[in-house]
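Asker: I would like the atomic coordinates for the input below:
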Amino acid sequence: MSLAHTAAEYMLSDALLPDRRGSRLKGLRLELPLDKMVKFVTVGFPLLLMSLAFAQEFSSGSPISCFSPSNFSVRQAAYVDSSCWDSLAHHEHNEAGQYKVKSLWPHKALPYSLLALAVAMYLPVLLWKYAAVPSLSSDLLFIISELDKSYNRSIRLVQHMLKIRQESSDPYVFWDELEKARKERYFEFALLERYLACKQRSHSLVAAYLLRNSLLLLFTSATYLYLGHFHFDVFFQEEFSCSIKTGLLHNETHVPELITCRLTSLSVFQIVSLSSAAVYTILVPVIVYNLTRLCQWDKRLLSIYEMLPAFDLLSRKMLGCPINDLNVILLFLRANISELISFSWLSVLCVLKDTTTQKHNIDTVVDFMTLLAGLEPSKPKHLTQHMCDEQP
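Answerer: Below is the predicted model of the structure:
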């Protein structure tokens, strides 16, 4: 065995990827980074504001302070505060001289509305987790494994070609068999290619992803409507007139008709309302961007893996509508690029492929590794010319 042949064998052996069946794929990312950020903000931010509202209530005591008459005892004043907080309605005279009652219930419902908002924003996450994650994880497990295996098979194929070339006494036979194998598509791996092509005709994952983001936009719009319709109406009202002449106190003459009360938690209410509107306004472009990513293919990832024979036919099918499960899988392959060991090798080979002087002879990793191993990726010109001279 020659020194060049031994060096080529070592080079090809080093290019083989290690087998990580047991430890790999345990850290699969089944949420895209932007989706995870949106989840933490849409769910965590209302819970944070709810904690702020409860903390303010517990630290400052009663959320309102009523100006009871001076002849009221301490217990009577506490009763006024409690009664006015329970009713939480502003009484005022209209133009006809009648009482007009305006409810201030958004102040009382603030922590619970934030909790309801957090629960609503978590529903799309649950939908994705139970409707899409099981199928997505199995797809990623298979595709990542097959991509790395396809790379390894290409390297082993070059090793086999090098062995045949060294053992073959007739170079014409070797190059004839090699060209025949290429014409018969022996170097392509139909299982992975057909599986990915099948995912182009499937729409379950993309439907779940669209529904998840559409629900986020719907709940965000509902939040805007709630803040605009209910919070804005009482946003600047710090004082209100409360009537306690109800029940047993209805006929008491020493009890004033209306008592002025002040909302001590108005600043917290305003901060929560403004910050909620601001944060969800910032998140809307992020959610829309997540949806627009489904309208285009990840061409860089595809161009890297076109070095594999299995992607040769697939790249010609990417001219159709990208809104399908395959595009979603490609997005998650990009997010799990650390699990694709073959990606770094193929990226290097793509760079070397672009700088080589024989670009017209290099299409796949098989061709490039054949060249690195010391074999011509196609039949040498002197052999081709010699065969033409032998033909009558």
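Asker: surely L196 is within a strand?
Answerer: No. Under DSSP: H, G, I helix; E, B strand; the rest coil, L196 sits outside any strand and is assigned helix.
Asker: so it sits right up against L326, yeah?
Answerer: Yes. In this structure, L196 is within contact of L326 by Cβ atoms under 8 Å, at 6.1 Å. C-beta: built from backbone N, CA, C; applies to glycine.
Asker: quick one: low-confidence parts of the stretch 101-250 of the chain?
Answerer: Within the stretch 101-250 of the chain, the ranges that satisfy pLDDT under 70 run 165, 167-190, 246-250.
Asker: where do the strands of it begin and end?
Answerer: Ranges of strands in the stretch 101-250 of the chain, per DSSP state E, counting those that start in this stretch, are 239-242.
Asker: I'd guessed T42 sits against M121; true?
Answerer: Yes. Using Cβ under 8 Å, T42 is in contact with M121, at 3.9 Å.
Asker: joint contacts of those two?
Answerer: Contact with both T42 and M121 is made by residues L216, according to Cβ atoms under 8 Å, 6 or more residues apart in numbering.
Asker: ok, longest helix in this structure?
Answerer: With DSSP state H setting the assignment, residue counts place helix 133-167 as the longest helix in the chain.
Asker: buried stuff in that helix?
Answerer: Across helix 133-167, burial judged by 16 or more other Cβ atoms under 10 Å covers 136, 139-140, 143-155, 157-159, 161-162, 165.
Asker: same question, stretch 120-132
Answerer: A120, M121, Y122, P124, V125, W128, A131, A132.
Asker: so how far is it from its chain's centroid?
Answerer: Chain-centre distance of stretch 120-132: 12 Å, with Cα atoms, centre = their mean, to the nearest Å.
Asker: ditto for stretch 34-53
Answerer: Taking Cα atoms, centre = their mean, one finds stretch 34-53 lying 16 Å from the centre of the chain it belongs to.
Asker: using PDB, write out every CA atom in it.
Answerer: Output in PDB follows, covering the C-alpha atoms of stretch 34-53 (Å, rounded to 0.1, in the frame of the first residue of the first chain):
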ATOM      1  CA  LEU A  34     -38.100  34.000  19.100                       C
ATOM      2  CA  ASP A  35     -41.100  31.900  20.000                       C
ATOM      3  CA  LYS A  36     -39.500  31.100  23.400                       C
ATOM      4  CA  MET A  37     -38.900  34.800  24.000                       C
ATOM      5  CA  VAL A  38     -42.500  35.700  23.100                       C
ATOM      6  CA  LYS A  39     -43.700  32.900  25.400                       C
ATOM      7  CA  PHE A  40     -41.700  34.200  28.400                       C
ATOM      8  CA  VAL A  41     -42.800  37.800  27.800                       C
ATOM      9  CA  THR A  42     -46.500  37.200  27.100                       C
ATOM     10  CA  VAL A  43     -46.900  34.800  30.000                       C
ATOM     11  CA  GLY A  44     -44.300  36.000  32.500                       C
ATOM     12  CA  PHE A  45     -44.900  39.800  32.200                       C
ATOM     13  CA  PRO A  46     -48.600  39.600  33.300                       C
ATOM     14  CA  LEU A  47     -47.600  37.400  36.200                       C
ATOM     15  CA  LEU A  48     -44.900  39.900  37.200                       C
ATOM     16  CA  LEU A  49     -47.400  42.800  37.100                       C
ATOM     17  CA  MET A  50     -49.900  40.700  39.100                       C
ATOM     18  CA  SER A  51     -47.300  40.200  41.800                       C
ATOM     19  CA  LEU A  52     -46.700  44.000  41.800                       C
ATOM     20  CA  ALA A  53     -50.400  44.700  42.200                       C
END
